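Q: sequence and predicted structure are below.
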Amino acid sequence: MLTRRLALLAPLAILLVGAAPAKKRPPVQRPAVPAYAKPSTAPLPDKVRIAMTTDAGPIVVEVDVKRAPASASNFVRYAETKRFDGTVFYRAMHLKWGEQPNGLIQAGTRGDPRRNLPPIAHEPTDQTGILHKAGTLSMARYAPGTATGDFSIMVSDQPGLDAQPDATDPEAKAGYAAFGQVIEGMDVVKAIFAAPISETEGEGIMRGQILARPVRIITARRLPDTIPALAPTP
């Protein structure tokens, strides 16, 4: 049980490749990115749908602005300003216990300062009521309150990521901020999860979790808030 707890305490942390290198490396040459629009501050409806077009297929998610306003609004603002365009799903965390497949996939800006918006407040699951079930979206972070533009999608239920109010460990007590759900495209999520893993990429907990060929998010776009009613059949 201790091994499982240690594996789950920081599965969504943005432990980037090269974040704490053992030796000096040449600077990463990042591709050019466009100038991004300033995020809107307009109020959002209780729920917003975002369609992600990826190299592996489409994924449609619904974020819960009413229950997780900081996390959900943040995700929408990244999509609205096209900051997710050209980013990738880069991580698949496979857990060896329980019913298989068991784990999550992770995507986002990977700490790119040119894409990132300011960090957001942490919204623990014991306050939002949104639990880490299969298909749930959750914010990646270091310490609570540091989440920016990285997120994970649960491939299976992950109750170990929910807030544990009675825990003595601060990480377990805080848990991670769940804020939405996949409503279409879980087959794509599982295909990304099943993609080959690099034998050399990743350091520390990330070793053995980096996709050999990251899956690109081509676009992420907000969908209309209402679906037009079908015309009556004559």
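A: Yep, that arrived.
Q: if I look at Gly160, how far off is Phe84?
A: 27 Å (C-beta to C-beta, to the nearest Å). For the C-beta atoms, the positions are set from N, CA and C on the backbone; glycine is no exception.
Q: the more surrounded of these two?
A: Between Gly160 and Phe84, Phe84 has the larger neighbour count (other C-beta atoms under 10 Å), namely 24 against 17.
Q: what pairs with the spatially closest residue to the more buried one that is not a sequence neighbour across the strands?
A: Excluding the flanking residues, the one nearest Phe84 by C-beta to C-beta, 6 or more residues apart in numbering is Ala220, at 3.9 Å. Here Ala220 sits in beta bridges with Met52, going by DSSP bridges.
Q: which ones are touching Ala220?
A: Residues in contact with Ala220, defined by C-beta atoms under 8 Å, 6 or more residues apart in numbering, are 50-53, 78-79, 82, 84-85.
Q: which among these gets closest to Gly98?
A: Met52 (26.8 Å; C-beta to C-beta).
Q: please report how far that closest one lies from Ile210.
A: 20 Å.
Q: repeat that for Tyr142.
A: Tyr142 is 18 Å from Ile210, by C-beta to C-beta.
Q: between the two, who's got more neighbours?
A: Between Tyr142 and Ile210, counted using other C-beta under 10 Å, the more crowded position is Ile210 (19 against 16).
Q: now do that one, the pLDDT please.
A: pLDDT recorded at Ile210 is 97.
Q: and it, backbone torsions?
A: phi -90, psi 130 (degrees, to the nearest 10).
Q: next one: the one 3 residues further on
A: Taking degrees, to the nearest 10, you get phi -130, psi 90 for the backbone angles of Arg213.
Q: can you give me the neighbour number for it?
A: Count around Arg213 with other C-beta under 10 Å applied: 11.
Q: I'd like the next helix or strand past the strand or helix carrying Lys173.
A: Per DSSP states H and E, Lys173 falls inside helix 170-174. Later in the chain than helix 170-174, the nearest helix or strand by DSSP H and E is strand 178-184.
Q: in that following strand, what's buried?
A: Using 16 or more other C-beta atoms under 10 Å as the test for burial, strand 178-184 gives 178-182.
Q: ditto for stretch 151-167
A: 151-158, 160-164.
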